[in-house]
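S.K.: Provided below for reference: sequence and predicted model.
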Amino acid sequence: MRWPWMRVMALLMGGLLAACGGGGGGGASSGLVIEMGDLYFKPNVLTAKPGQTLEITLENKGALEHNFVLYDQDGKTVLFERDNIQPGRAVKVTVKVPEKPGNYEIVCTVPGHKEGGMVATLRVQP
């Protein structure tokens, strides 16, 4: 009778370890969730390796629509953009991390949201 329970636990632990595992540049990191609320991203700092692929679930927990825009270090060039996500919705996106180490700004470009503090940072570190 214990064997099915042990198998379930082994599968759960294996999935947890896979989600937490690191990896070199170019590897995919899955299981990352970013909560988008009214004028915040949580977490508001992400760390990744150059060239890594991030699989992110964007969850809009707020009452307003939000979007997700990643800028190059120049603060003007858009590297990735996900259009507006309606309240109560979640979407999965795949983001390729830039090769150049440094800090990259993530913002919600809905008018007034960036100015209200809806900003995050992607830290690219070797």
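M.R.: Yep, it's here.
S.K.: Mind listing the residues bridging to Val124?
M.R.: Ala48, Gly102 (DSSP bridges).
S.K.: right, and it touches Pro50 too?
M.R.: Yes. Val124 is within contact range of Pro50, at 5.5 Å (criterion: Cβ atoms under 8 Å). C-beta here means a position set from N, CA and C on the backbone, and glycine is covered the same way.
S.K.: For those two, work out which one has more neighbours and name it.
M.R.: Taking other Cβ atoms under 10 Å, Val124 and Pro50 do not tie; Val124 has more neighbours (21 against 16).
S.K.: quick one: contacts for the more buried one?
M.R.: Shown in contact with Val124 (Cβ atoms under 8 Å, 6 or more residues apart in numbering): Ala48, Lys49, Pro50, Val97, Pro98, Lys100, Pro101, Gly102, Asn103, Tyr104.
S.K.: And for Asp38?
M.R.: Gly62, Ala63, Leu64.
S.K.: Mind pulling up the pLDDT for the closest residue in space to the second one that isn't next to it in sequence?
M.R.: Spatially, and ignoring its direct neighbours in sequence, Ala63 is nearest to Pro87 (5.5 Å; Cβ to Cβ, 6 or more residues apart in numbering). On the pLDDT scale, Pro87 is placed at 98.
S.K.: Name the nearest residue to Thr109, ignoring sequence neighbours.
M.R.: Using Cβ to Cβ, 6+ apart and skipping residues adjacent in sequence, the residue nearest Thr109 is Val69, 5.2 Å away.
S.K.: count of neighbours near that neighbour?
M.R.: 17.
S.K.: Paired strands for the longest strand along the chain, with orientation please.
M.R.: Longest strand in the chain by number of residues, with DSSP state E as the criterion: strand 28-37. Strand 28-37 pairs in its sheet with strand 40-42 (antiparallel), strand 53-60 (parallel), by DSSP bridges.
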